[in-house]
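1. Return a 3D structure for these sequence lines:
(chains A and B)
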Amino acid sequence: MEDNKLYTIIVHSENFSGILNQIAAVFTRLQVNIESLNVSASSMKNVHKFTISCKTTAKNIDKILKQINKKLDVINASCYTDEDIFQSEIALFKISTDEFQNWEDTSRLLRGYNTHIVEVTPEYLVVELSGSGDDIDSLYRELDRINCVRQFVRSGKIAVTASSLEKVNDLLGRRQKRYQERRMQFPAEGQSCSLVRYGDFITDNQK
Amino acid sequence: MDMKNNTEQVTGSEALLRALVREGVDTVFGYPGGAIIPVYDALMDHMDELNHILVRHEQGAAHAAEGYARASGKPGVCLVTGGPGATNTLTGIADAMLDSTPIVVIAGQIATDMIGTDAFQEVDFTCVTQPICKWSYQISTPEEICWAVARAFFVAKSGRPGPVVLSITKNAQVGMTEFRHEKMDYIRSYDNDPEIDITRIREAAAAINAAKRPFVLAGQGIELGEAQAEFRAFVEKGNLPFGSTLLGLSVMPSSHPLNKGMLGMHGNLCNNVKTNECDVLIAVGMRFDDRVTGNMSTYARQAKIIHLDIDPSELGKNVPVDIPVLGDCRKTLTMLTERLVKVDRSEWIDSFRKYQDEEYEKVISRELQPSGDTLRMGEVVDAVSRATDHKAILVTDVGQNQMMAARYFSFTEKRSIITSGGMGTMGYAIPAGIGAAYARPDRTVCVFMGDGGLQMTVEEFGTIMEHRIPVKMILLNNSYLGNVRQWQELFYNRRYSFTRMTNPDFQILASAYGIPSRRVIDRKDLRDAVREMLETDGPFFLEACVEEEENVMPMTPPGNSIDDMLMEC
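-> Numbering: from 1, shown residues only, chains lettered A, B, ... in the order given. Predicted coordinates:
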């Protein structure tokens, strides 16, 4: 059997309801677990960005990408290795003060990881660490060893591509240009309706 | 009626119907219910431009829309209520997805403020249908209707076609809105006409020109892209023999000398042998389904594979492709043809003959000139095909009737085979035949079915009765679920687990619906019965009592290499 590897998928989609569901369903169909998932607005208007990491085979990742790309309101889905992206993750640790105080190298440990203390109360402190997934794993292990972690949460990986080309912008620009050229060549009966939201469509018509 | 955009306020239902008319819809297959009553009410004012056919089950509406789309090339439309009315269309939606059939399913939905309360007939239809359709959307306000309808029709028929689902809430149906409808032809996230890479065209043309033993696989993509003439020019200029998938059988006349028949599990032997002998394999608008390839690990390993498709997710999905050619095949085929040189390939083309002769001797002759007394499925199909001068539209159900019809029916016109290929949906034939008859009233529609599939959608006899729909139905009755029985015979030691059918008297059933019918048992009556069927105005039900335990041959057993076919058993 083919070995599983960790992949990072970046998806850009229109901001419609139900897209997350459609993307998640692609993973369900192939019985692949999502390791982490982050969804947020992107730098482009009405475009959402998904950063998904999962462990699977090269064969499956190809199917996953093709099926996500096939979704109507998905603009683009691509897969990256660690060299192709800058990635980061944030974790919050809620730590019991009691156990923590009894441990000698406390502050050195936290400083070593370049953490940031968000809140201090008599019962607990909240520490934030942003960095690689490995750093977060490692700090969690060390804190867990002294049994002081009350709560732990991590954001899931976020990433930007290392390439100097902005793929999605370029793709949209190229499509728009091709469409306009085609329209010049074959003026169709209807009018162009390039905007995605019905609200925008109506406003555009009224202009 | 003033159909221009204006500031007049209309109900959402009215806007929906006007938008349908604007999109060129003339026929709607449907079934009313609580959550769609306002649309049905508005429909009474549009009866002159929208012909609504009341089916007897919503599954029938979805398949009828499919049949309509496949015969006409226009999206088929089906209108149903929410809840069970909507879920009854699921089989048709999934079927349309697998067979790239453009249909638009419009389903009622409870009012927006009731959603999420488990109200009467509440089903989250958008969520349920998302994995099995091209686009699914819930219309929650009347203002969205025109936009959603325009988008639905654009999505359904462009690119690789497929089903689209619109759920429309009751408040959107009754609320007031301005009617502003414009056809849509661009969605930025959706590439309906991918850019053609000229390098790939050059590579593919060079490979074909250099080929000694090229073989072409013709798929339904050619029909969907209306590229039948371009395909013909391509194979004729290059002297390229070709075989067709089940759904691609009518892209070229069956009698064309380069047309070598059907591919796959029950296809023609020569095609499967030559697939594994050719040096260049050119697939056009087909997707290397497992019924076509057989054992993937031995499929066309020796060949350089060129794959033309409009859907990027198909390229390299099932077989490794050497030269993927993404794009609309109407354009890519033309670009390839321009670059082809005439090469004499008569020796290669003649080499098919040996396997055609073998198949004729071992399979076809026994089917068409049988020695036994009992009717065989193939001879019935052949008699109907001949009597229609091979000009009819063939609609089939699923199973042995489907394979026999595909093997023995001949085609002279494009868009002439309507069958459930990807899903293999039993019960497809009668409603799909109804749809085809509305799409092409100028053509004869012959609907083949088995006794199993007939009983899955037999309620549509009511629709046929009501409208005197001129479908010529031919039941190949063997009192078995024949295809499963064949597998049980060949691979499960003849253990016939639940495949024997105890059937009603189908003649009485047809007469209860007032459908003229005839039963044929003796061979000597076959031709006359077929003549009577075709001469009778309106519908006809012909029941042919065929051999009970006949097998469809040849057959590639599951797991075998595609060219390793059983010829007799």
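
2. Give me the contacts around the longest strand seen in chain A.
-> Among the segments of chain A that qualify as a strand by DSSP state E, the longest is strand A:85-96. Residues outside strand A:85-96 that contact it (CB atoms under 8 Å, 6 or more residues apart in numbering or on different chains) are A:8, A:10, A:36, A:115, A:118, A:123-133, A:136, A:139-140, A:143, A:148-162. Backbone N, C-alpha and C define where each C-beta goes, glycine included.

3. Out of these, which end up buried?
-> Neighbour counting with 16 or more other CB atoms under 10 Å in any protein chain shown marks A:8, A:10, A:36, A:115, A:124-127, A:129-131, A:133, A:136, A:139-140, A:143, A:148-149, A:154, A:156-159 as buried within the contacts of strand A:85-96.

4. how would you label B:Glu413: helix, strand or coil?
-> Taking DSSP: H, G, I helix; E, B strand; the rest coil as the rule, one finds B:Glu413 in the coil state.

5. In contact with it, which residues?
-> Residues counted as contacts of B:Glu413 (CB under 8 Å, 6+ apart) are B:250, B:391, B:443.

6. Out of the residues you listed, give me the one that has the most neighbours.
-> B:Ser250 (25 neighbours; other CB atoms under 10 Å in any protein chain shown).

7. In chain A, where is pLDDT below threshold?
-> Scanning chain A for pLDDT under 70 picks out A:1, A:102-104, A:187-207.

8. Tell me which residue is most central in it.
-> Closest to where the C-alpha atoms of chain A average out (CA atoms, centre = their mean) is A:Thr51, at 2.0 Å.

9. secondary structure element for the residue nearest to that one when sequence neighbours are not counted?
-> Computed as CB to CB, 6 or more residues apart in numbering or on different chains, the closest residue to A:Thr51 that is not its neighbour in sequence is A:Asn38, at 4.5 Å. Here A:Asn38, judged by DSSP states H and E, is contained in strand A:34-41.

10. partner strands of that strand, parallel or antiparallel?
-> Here strand A:34-41 is paired, per DSSP bridges, with strand A:47-56 (antiparallel).

11. Any buried residues in the partner strand, and which?
-> Neighbour counts over strand A:47-56 (16+ other CB under 10 Å) mark A:47-54, A:56 as buried.

12. Stretch B:335-348 too?
-> Buried residues in stretch B:335-348, counting neighbours by 16+ other CB under 10 Å, are found at B:335-337, B:340, B:343, B:345, B:348.

13. from the residues you listed, which single one is nearest chain A?
-> B:Met335 (16.6 Å; CB to the nearest CB).

14. Secondary structure element holding the closest one?
-> Using DSSP H and E, B:Met335 falls in helix B:329-339.

15. Quick one: list the elements packing against that helix.
-> Packed against helix B:329-339 by the contact rule (3 or more CB pairs under 8 Å, 6 or more residues apart in numbering or on different chains; DSSP states H and E) you find helix B:198-210, helix B:228-238, strand B:304-309.

16. 6 Å instead, please
-> Other elements packing on helix B:329-339 under the criterion 3 or more CB pairs under 6 Å, 6 or more residues apart in numbering or on different chains; DSSP states H and E are helix B:198-210, helix B:228-238.

17. Would you tell me which helix is longest in chain A?
-> Longest helix of chain A, by residue count under DSSP state H: helix A:167-185.

18. Alpha carbons only: can I get it in PDB?
-> Extracted C-alpha coordinates of helix A:167-185, given in PDB (Å, rounded to 0.1, in the frame of the first residue of the first chain):
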ATOM      1  CA  LYS A 167      -2.000  32.300  -9.100                       C
ATOM      2  CA  VAL A 168      -5.600  32.900  -8.300                       C
ATOM      3  CA  ASN A 169      -5.600  36.600  -9.300                       C
ATOM      4  CA  ASP A 170      -3.900  35.600 -12.500                       C
ATOM      5  CA  LEU A 171      -6.400  32.800 -13.200                       C
ATOM      6  CA  LEU A 172      -9.400  35.100 -12.600                       C
ATOM      7  CA  GLY A 173      -7.800  37.800 -14.800                       C
ATOM      8  CA  ARG A 174      -7.100  35.400 -17.600                       C
ATOM      9  CA  ARG A 175     -10.600  33.900 -17.500                       C
ATOM     10  CA  GLN A 176     -12.200  37.400 -17.500                       C
ATOM     11  CA  LYS A 177     -10.000  38.400 -20.500                       C
ATOM     12  CA  ARG A 178     -10.800  35.300 -22.500                       C
ATOM     13  CA  TYR A 179     -14.500  35.800 -21.800                       C
ATOM     14  CA  GLN A 180     -14.400  39.400 -23.000                       C
ATOM     15  CA  GLU A 181     -12.500  38.400 -26.100                       C
ATOM     16  CA  ARG A 182     -15.100  35.800 -26.900                       C
ATOM     17  CA  ARG A 183     -17.900  38.300 -26.300                       C
ATOM     18  CA  MET A 184     -16.300  40.700 -28.800                       C
ATOM     19  CA  GLN A 185     -16.000  37.900 -31.300                       C
END
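
19. Can you tell me which of the helices and strands packed on helix B:329-339 is most buried?
-> Most buried of these by mean neighbour count (mean count of other CB atoms under 10 Å in any protein chain shown) is helix B:228-238; its value is a mean of 20.

20. what comes into contact with that helix?
-> B:208, B:216, B:222, B:242, B:251-252, B:258, B:330, B:333-334, B:337, B:340, B:414 (CB atoms under 6 Å, 6 or more residues apart in numbering or on different chains).

21. Select only the buried ones of these in ChimeraX?
-> To isolate the buried ones among these in ChimeraX, judged by 16+ other CB under 10 Å, type:
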select /B:208,216,222,242,251,252,258,330,333,334,337,340,414
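
22. Report the residue ranges of every domain in chain B.
-> Segmentation of chain B into domains, based on automatic domain parsing, reads B:9-178, B:198-353, B:377-545.

23. Let me know which of those is tucked in deepest.
-> Highest mean neighbour count of the domains of chain B: domain B:9-178, a mean of 23 (counted as mean count of other CB under 10 Å).

24. Is that one in proximity to chain A?
-> Yes: residues of domain B:9-178 contacting chain A under CB under 6 Å from any CB of the partner chain: B:130-131, B:135, B:144, B:147.

25. Tell me which stretches of the stretch 251-400 of chain B form strands.
-> Applying DSSP state E, counting those that start in this stretch to the stretch 251-400 of chain B gives strands spanning B:259-262, B:280-284, B:304-309, B:323-326, B:393-396.

26. how about TSV for these, with mean pLDDT and distance to chain A added?
-> Converted to TSV, the strands of the stretch 251-400 of chain B look like this (pLDDT from 0 to 100; distance: least, CB to the nearest CB, whole Å):
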stretch	mean pLDDT	distance to chain A
strand B:259-262	98	28
strand B:280-284	98	17
strand B:304-309	98	12
strand B:323-326	98	12
strand B:393-396	98	29
